[in-house]
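Visitor: Kindly generate the corresponding structure for this input.
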Amino acid sequence: PPPHPGPPPPPPPPGTITVTNEEMEQIERLEALVAPMGLDRTAVLEAWLACDKNEELAANYLLNNAADILESRGEPPPPSLPP
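Guide: Numbers count the residues shown, from 1 in each chain. Prediction:
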């Protein structure tokens, strides 16, 4: 008989998302794009998910709204960004 596969892996913790390697590459490219503006992975993930995992739409959103995103978090925009 085939070996017993064992119990299924535990589900990810709440608030965790699972992404493919390709999706991770998109997220990392977006992070590299907006990191100089002071945006972090959380902002990237929120935008990417809000844009239905569309990298181009998320990039446009992040670039056009970086100052507002930072302001909503109580963080000042970097000097390179207009207020």
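Visitor: tell me what the helix or strand hosting E31 is packed against?
Guide: Assigning secondary structure by DSSP states H and E places E31 in helix 21-34. Secondary structure elements in contact with helix 21-34, counted by 3 or more CB pairs under 8 Å, 6 or more residues apart in numbering; DSSP states H and E, are helix 41-50, helix 55-72. C-betas here are computed from N, CA, C, even on glycine.
Visitor: could you dump these to a markdown table with distance to P12?
Guide: Compiled in a markdown table, the helices and strands packed on helix 21-34 are given as follows (distance: least, CB to CB, whole Å):
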| stretch | distance to P12 |
| --- | --- |
| helix 41-50 | 14 |
| helix 55-72 | 22 |
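Visitor: closest one to E28 among these?
Guide: Closest approach to E28 among the helices and strands packed on helix 21-34 is made by helix 41-50 (8.9 Å; CB to CB).
Visitor: Against which helices or strands is that closest one packed?
Guide: So helix 41-50, by 3+ CB pairs under 8 Å, 6+ apart, packs with helix 21-34, helix 55-72.
Visitor: Packed most tightly, which of those helices would that be?
Guide: When you average the neighbours per residue for each of these (mean count of other CB atoms under 10 Å), helix 55-72 leads with a mean of 16.
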